[in-house]
Structures are given as C-alpha cells and as structure tokens.
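Enquirer: what follows is a predicted protein model with its sequence.
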Amino acid sequence: MPGPVESYVYEQWEHGKFDEFWKRLGIYAQGYYSQFSDAAMVHLSGWYDAYSRTATDNYVGLSRRKRGPVRLIMGPWTHGARSTPHSGDVDFGPAATLDADGGDIFLRRLQWFDRYLEGFDTGGRREAPVRLFVMGGGSGRKTADGRLDHGGHWRSESDWPIPDARLTPYYLSAGRGLSTVRPAPPGASVSYDFNPDHPVPTRGGTVTSGEPLMRPGGFDQRDVRPDVLVFETEPLGADVEVTGAIEANLWISSDAVDTDFTIKLLDVYPPSDDYPQGYVLNLTDGILRCRYRQSWSEPSLMTPGEVYAIKVSAFPTSNLFKRGHRIRLEVSSSNFPHFDVNPNTGAPEGTGLERRVARNTVYMDAARASHVVLPVIPGRE
C-alpha cells in the first residue's frame, strides 16, 4: 500500500491538465486575487526556490490590485534557507542572508507589524517595494569550504518586472552559438534522441525537497550528453546583468505525438587555478510538455514531423554575468527527478507504463529563429 506521501504525489500527478483540482482556493492564488485583503503584505522567496515564480507572480498580481503596500524580497536562497549564505555548491558571501540585509529578521517583522497593525512609526527604514539580490561578481575562487565564490549584492527596485529591463532575444545557431544576431541560413536545425529510460539527471536547481536523490541550489554542470544541446555566447566583452523571468521561444518537431522540452540558463566561468576546466553554474530551468503548448486546460497531441512554435518558461533569476564569462542555454527533453519523465506515447500522466525513444528537433533558421529572451538590466551606479 502506498504511504500518505506517495498517495499525495500520485493524486497530483494524475491531474495533468489544469482542471478544477488545481483551481481551488489555497492552490490557485491568481483565481482569487480579488478576494485578498488590502492588508500590507510581503512576498519572500529565493532564486533557487521552487516558489520563486509564485512569489513574483503574486507580487505582480496583487500589487496592481490592492490598496495596501505590497513588497517583494528575493534572495539567492533555496527553500527556507534565507539565513544561509550559500546554495548548493555556490557561496554568495556573508551579506547574502536576510539577516545581514538590514538586521534581524524577527526585529524587521516586529517593525512591520507595529507599523501596519499598530499604526506607529518604529524607526525602521522606509523600504522600496522590491528588494532583490543580484548574484555574481565574486572572485570565482574556491572558498575555504570548497564552494565557488560567486558573490553578489542587494539592490532596491521600484517594481517587478524591473521597469527598465531590456527584453533581449539571444538566438540559437546550428553551430551551437548564442547571440543577439538573428540567424540567416535556411533550414538549419539540430536533432537528438530522447530516451525516457535514460533521462538527464537533476543536478541542483529550484528543488524544494528530495535529498539524497537531488539537492537544491547551484552546482557545476559540465557533464556532456548527446541529448543535451548546448548554445553559448562568445566570452563577454563587458558585464551583463540578467534579472527577471526567462522564456525560450523554440520551433520544434518530434516523431512522437508528445514529448517534453527543457531549458537551462547557465553562467560559464573561464578556467582558473581553482577550476582548471572552468565552472558551469546553473541559474534557472524550465520545462514544457508539448501537449500543453496551446492550453493548460485542453491538451492537444502533436502530429509527428510537424513543426510547432512553443514557449518554455523558466523560473525567474538575477545574475551578473561578468566580463570574460559566457551565457549558456541548454535545451533537452528531461530533468529527472525534478520533473517527471515523458514516456513520449501521449499517455495521460501517471498511467503510461510503456515508453519509446523520441527523435526531437530544434529549428534555428531565419524563418524559425529559436531564441531565449533575457531581461537585460542597464548598468546601475
């Protein structure tokens, strides 16, 4: 007999489409924004937290509707680890904790409640609506604890998404390049075999639980597999900050009626004394099951061989890609056990026992210019 955890997981797994099971109060916040109180509220999460998109989406939805103050705080943390200066194998420095950014968290909570419940000024600072930690900018050396010194800093913003973010398309090329130049060659594409019996293993990322099978946070991602397509820029000539939601617009086809496409955004360090082969840091990831390419409520299987335009959304992030680093995008079809593996048969979630190999293709020519949209932030003083 399955235990309570297994039963809970299977109950959710079997509801693949967005139906009444997911539209309940307490699960589907967006459907109930109008019922939220106008009370002051804070939405807090971390870039390596599975609830990062929940926090940012709810801030956007509620800050536009409610009269009370709405704040957003995003740090470099995994789920619940706001007092830890590292996530996985990566260190962000002593200032990365929430306590370090402005004092003890319990004192800040007390000041917040005193101000908005009691109605008097506690002497606490007047804070901007959005407070976020921009990862990156560290020495790139190995710390005494053996972690990558990625560094970072806190910054205040007037809103989320950041108003002056420049949504910049970075195009994929058949030569595995990634650049702001739209591809010109006709008919360019890259294909690979996705075998659900041998999925790409999860290594870090926005994982809430699952140890020892998977651990949350940042880790070196230098593994090479034929079913992982790697696209990266030339070494950057200047620093580039990317802060916001990450989306990839891909033109794809498959010889299966259903399959998945995954993306992963990474910061590629050049070789150094501490990391002779460099360091490839995962920042965020996302996935789309192709049957939901048009609607989460009304899935539609594909016609094998037909080309489709899909959008793969990743969790939001904030990172400073330093001069000399590369921006990398990886495209594949699995990230297990973070996401369940598609059997490529079209069977409903949680029921299909048969699996088949899918031949998947990504197109990157002038007419079907697959690209990732990065929210690039202009330089700040």
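Expert: Perfect, I can see it now.
Enquirer: can you map out the strands along the stretch 201-350 of the chain?
Expert: Assigned by DSSP state E, counting those that start in this stretch, the strands in the stretch 201-350 of the chain fall at 229-232, 240-254, 260-269, 279-289, 308-321, 326-332.
Enquirer: how about a markdown table for these, with mean neighbour count and mean pLDDT added?
Expert: The way it works is simple: take the backbone N, C-alpha and C, and place the C-beta from them, glycine included. Formatted as a markdown table, the strands of the stretch 201-350 of the chain follow (neighbours: other C-beta atoms under 10 Å; pLDDT from 0 to 100):
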| stretch | mean neighbour count | mean pLDDT |
| --- | --- | --- |
| strand 229-232 | 20 | 98 |
| strand 240-254 | 22 | 98 |
| strand 260-269 | 24 | 98 |
| strand 279-289 | 23 | 98 |
| strand 308-321 | 20 | 98 |
| strand 326-332 | 22 | 98 |
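Enquirer: of these, which approaches Lys17 most closely?
Expert: With C-beta to C-beta as the measure, strand 279-289 is the member of the strands of the stretch 201-350 of the chain nearest Lys17 (10.0 Å).
Enquirer: could you list the low-pLDDT ranges of this structure?
Expert: 1-3, 101-104, 121-126 (pLDDT under 70).
Enquirer: show me the contacts for Val372.
Expert: Residues near Val372 by C-beta atoms under 8 Å, 6 or more residues apart in numbering: 169-170, 172, 178, 246-249, 263, 265, 329.
Enquirer: quick one on the thing from earlier: wait, which of the strands of the stretch 201-350 of the chain is closest to Tyr51?
Expert: Tyr51 lies closest, by C-beta to C-beta, to one member of the strands of the stretch 201-350 of the chain: strand 308-321, at 9.2 Å.
Enquirer: now the closest one - C-alpha only, PDB.
Expert: In PDB, the C-alpha atoms belonging to strand 308-321 read as follows (Å, rounded to 0.1, in the frame of the first residue of the first chain):
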ATOM      1  CA  TYR A 308       5.400  23.800 -33.800                       C
ATOM      2  CA  ALA A 309       6.300  27.100 -32.100                       C
ATOM      3  CA  ILE A 310       6.400  26.600 -28.300                       C
ATOM      4  CA  LYS A 311       7.300  28.800 -25.300                       C
ATOM      5  CA  VAL A 312       9.300  27.200 -22.400                       C
ATOM      6  CA  SER A 313       9.200  29.300 -19.300                       C
ATOM      7  CA  ALA A 314      11.900  29.100 -16.600                       C
ATOM      8  CA  PHE A 315      11.900  30.300 -13.000                       C
ATOM      9  CA  PRO A 316      13.000  33.900 -12.500                       C
ATOM     10  CA  THR A 317      16.600  34.700 -11.700                       C
ATOM     11  CA  SER A 318      19.000  37.600 -11.200                       C
ATOM     12  CA  ASN A 319      22.700  37.200 -12.200                       C
ATOM     13  CA  LEU A 320      25.600  39.400 -13.200                       C
ATOM     14  CA  PHE A 321      27.500  37.600 -16.000                       C
END
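Enquirer: which one among the contacts of Val372 gets closest to Val200?
Expert: Val200 has its nearest neighbour among the contacts of Val372 in Ile263, at 11.9 Å by C-beta to C-beta.
Enquirer: might you report the residue contacts of the closest one?
Expert: Neighbour list for Ile263: 246, 248, 285-287, 312, 314, 329-331, 372 [criterion: C-beta under 8 Å, 6+ apart].
Enquirer: same check, this time on Gly177
Expert: 231-234.
Enquirer: next: Arg222.
Expert: Counting by C-beta under 8 Å, 6+ apart, Arg222 has contacts 277-280.
Enquirer: how far away is it from Leu281?
Expert: 10 Å (C-beta to C-beta, to the nearest Å).
Enquirer: next, the angle from the lengthiest helix in the chain to strand 308-321.
Expert: When the chain is parsed with DSSP state H, its longest helix is helix 52-63. If you take axes from the mean of the first three to the mean of the last three C-alpha atoms, to 10 degrees, helix 52-63 sits at 90 degrees to strand 308-321.
Enquirer: now do the same end-to-end measure for stretch 160-176.
Expert: In stretch 160-176, first residue to last residue: 32 Å (C-alpha to C-alpha, to the nearest Å).
Enquirer: oh, I was asking about stretch 350-369
Expert: OK, stretch 350-369 end separation, C-alpha to C-alpha: 34 Å.
Enquirer: the chain should start at 8 in everything you say after this.
Expert: All set: I'll call the first residue 8, so the last point we hit is now stretch 357-376.
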